[in-house]
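Structure of the sequence below:
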Amino acid sequence: MGSENNENSTQFLPQEDKDNEEELPPKERLAEEPEPPVTPEIEAPIEQLEGQEVVDDPVRMYLHEIGRVRLLTAQDEKVLARKIEEGKHIREIKQDLQQRYGRLPSATEITVAILKKLSQASNVIPLIQKQLDITPTASFTESIPNAKLQGSINGELDRQLVQVISDKTGKSIPETEQFLINLSV
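Residues are numbered from 1 along each chain as shown. Modelled structure (predicted):
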């Protein structure tokens, strides 16, 4: 049966290969491997190669890579910091409600808690308006869009404003500062 397979396998070889097969011992036949087809190399234009640098130093590679990344502007940093603060504030509200109820609060419960904090701020808004010489409005919702009021709440804390609100509300300066920061968020 072994010789039969040998004969069958040689019948598909071209005539000259049959001759070579008989001349080579079986081990040498196995050692012969067909050469892989040669693929032409793709050449990059010289302009592309000149722009690329070969850098072996990891620090230089890192600096080269970060040079391609767009950096934050001052305004971008402020927006990012504000979003982080808002996230922290909402997380604190969620944790407070979770401790109070013993379960995760719903979105409605979080919204109600935020509205309660805003209603507490409605007493302070007229004090801020008076200190900033802003004409008082009839309602809290009409006061909020005022750019000067927004600037005093969202910007850097004015020490004089904090002191006046602290005196009028009877709260300590750190409590008043935290209140204004929370109002900002």
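
Count residues in the vicinity of residue 164, would you?
16 (other CB atoms under 10 Å). Where C-beta positions appear, they are placed from N, C-alpha and C, glycine not excepted.

domain ranges for this structure?
Domain ranges of the chain: 72-118, 122-185, per automatic domain parsing.

and among those, the most buried is which?
domain 122-185 (a mean of 14; mean count of other CB atoms under 10 Å).

what mean pLDDT does it have?
Per-residue pLDDT over domain 122-185 has a mean of 82.

about what we covered before: just put the domains of the chain in JSON lines and tack on distance to residue 62.
What follows is the domains of the chain, written out as JSON lines (distance: least, CB to CB, whole Å):
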{"stretch": "domain 72-118", "distance to residue 62": "19"}
{"stretch": "domain 122-185", "distance to residue 62": "35"}
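
Do a quick rundown of the helices in this structure.
Counting by DSSP state H, the chain has helices at residues 2-10, 15-23, 26-31, 46-51, 58-66, 74-101, 107-121, 125-131, 140-143, 147-154, 159-169, 173-184.

Quick check: which of the domains of the chain is nearest to residue 61?
domain 72-118 (22.6 Å; CB to CB).

for the closest one, how far is the first residue from the last?
32 Å (CA to CA, to the nearest Å).

Wait, residue 110 touches residue 96, no?
No. Counting by CB atoms under 8 Å, residue 110 does not reach residue 96; the two are 10.0 Å apart.

Just the terminal-to-terminal distance for stretch 143-151.
Termini of stretch 143-151 sit 13 Å apart (CA to CA).

no wait, stretch 66-85
End-to-end distance (CA to CA), stretch 66-85: 27 Å.

Repeat that for stretch 149-168.
Start-to-end, stretch 149-168 (CA to CA) is 18 Å.
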